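Asks: Need the 3D shape of this:
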Amino acid sequence: MASMVDGSLAVTVSLSRFKPSLADEFPFIAISLESRDEDDEKAVHLAEDALEHIGRSWTALRIDSALRGNVRGMVGKLSERGRVLVTDTIPEYGRYTKGGKTYVDNQGRDLNALLETVPGGRVVVADSETVADLSALASRCTREGMIPADPGPLVSLVVKDRLRFSGKVPKSHERGGGSPIEKVAFVIGTRDGMTLKQLRHIELEGFIVRPPKSEEAAEVSIFAFSLDNEARLVDDSFVDSLRDYDAIVLSGGATASFVLDKSRFDCIVNGAQVQPLLSTGTVRGGILDGTLVVLKGGFIGDEKTYKTILEWLKQR
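Replies: Numbering: from 1, shown residues only. Predicted structure coming up:
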């Protein structure tokens, strides 16, 4: 559910909530397929549904930032539309692509092997390590009409290229302005290693971490649970109580989808980025309508990230 475009010219919407009328307002629409936990057949079917919705509109693919889910099937489906350029690089987090493999913490995974069953000649796995490398790949995609596929940075750069060529300029997002952020809720449903480090660090900063519970909004409330085993804690009463906060931090893509679905939202109008793959947006529709949200993937950031988000919100 993390947004791919740093600017309000884009909107993020679940496939089940997609409405063609969004295209009248936004030139770029990010459709969340929520397919990571589906088998290949189901994931490809969801991709087919999305492509049917958008017709022959320009298309890009944001793959999972940890290569989870059905990368092969998604890339294969997009390759039916044209040549796909795949890279898996997030410079700010030390993730890079070299020799057809993606590396993080010096551990490599073979992208070429992952995509070897996709029909030949329609997929290019490109090396990249720096922002300059990604900018060069974005120019190549634009120049050669290739479909970008990556965890987000490359897609964002290609979108910005296309915006420049179209003469449209994203609205700027200043740190100041807007209503003051006085009350912030963190809803954290992932239990991966990085998230646990982030939780330990924020506790050492003096903040209390507790399970989700409907209660009066505090200046900072941090709710942590396991979405896999304790989803029942995020009930209607709890979600309803979140509307008393000025901003909600949703940590974990599946957590964001779960909470927003329970709020009966329509879409998220994308806003500024706190840092790469750590984006903000404004909820449209449902009981959280008008609420600022921060969307963070589970493994994104370092141990200080929750404190960084809180400081960013307070300085906004």
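
Asks: all contacts plus neighbour counts: C-alpha atoms, from now on.
Replies: Fine.

Asks: Show me what the lengthiest strand in the chain pairs with in its sheet, parallel or antiparallel.
Replies: Using DSSP state E, we find that the single longest strand of the chain is strand 267-275. Its sheet considered, strand 267-275 pairs with strand 10-14 (antiparallel), strand 278-284 (antiparallel) by DSSP bridges.

Asks: if we compare those, which one ends up closest to Asp266?
Replies: With C-alpha to C-alpha as the measure, strand 278-284 is the member of these nearest Asp266 (5.7 Å).

Asks: Dump whichever helix or strand comes after that closest one to PDB, keeping only the CA atoms.
Replies: For strand 278-284, the following helix or strand on the C-terminal side (DSSP states H and E) is strand 292-296. In PDB, the C-alpha atoms belonging to strand 292-296 read as follows (Å, rounded to 0.1, in the frame of the first residue of the first chain):
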ATOM      1  CA  LEU A 292      -2.900  12.100   7.400                       C
ATOM      2  CA  VAL A 293      -1.300   8.600   7.300                       C
ATOM      3  CA  VAL A 294       2.400   7.500   7.100                       C
ATOM      4  CA  LEU A 295       2.900   4.200   5.300                       C
ATOM      5  CA  LYS A 296       6.000   2.200   6.100                       C
END
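
Asks: Name the residues of strand 292-296 that are buried.
Replies: Leu292, Val293, Val294, Leu295, Lys296 (16 or more other C-alpha atoms under 10 Å).

Asks: same question, stretch 114-133
Replies: Applying 16+ other C-alpha under 10 Å to stretch 114-133 flags Leu115, Val118, Arg122, Val123, Val124, Val125, Ala126, Asp127, Ser128, Glu129, Thr130, Val131 as buried.

Asks: JSON lines please, covering these and showing pLDDT and secondary structure.
Replies: Output for the buried residues of stretch 114-133, formatted as JSON lines (pLDDT from 0 to 100; DSSP: H, G, I helix; E, B strand; the rest coil):
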{"residue": "Leu115", "pLDDT": "87", "secondary structure": "coil"}
{"residue": "Val118", "pLDDT": "79", "secondary structure": "coil"}
{"residue": "Arg122", "pLDDT": "89", "secondary structure": "coil"}
{"residue": "Val123", "pLDDT": "93", "secondary structure": "strand"}
{"residue": "Val124", "pLDDT": "92", "secondary structure": "strand"}
{"residue": "Val125", "pLDDT": "93", "secondary structure": "strand"}
{"residue": "Ala126", "pLDDT": "95", "secondary structure": "coil"}
{"residue": "Asp127", "pLDDT": "96", "secondary structure": "coil"}
{"residue": "Ser128", "pLDDT": "97", "secondary structure": "strand"}
{"residue": "Glu129", "pLDDT": "95", "secondary structure": "coil"}
{"residue": "Thr130", "pLDDT": "96", "secondary structure": "coil"}
{"residue": "Val131", "pLDDT": "95", "secondary structure": "helix"}
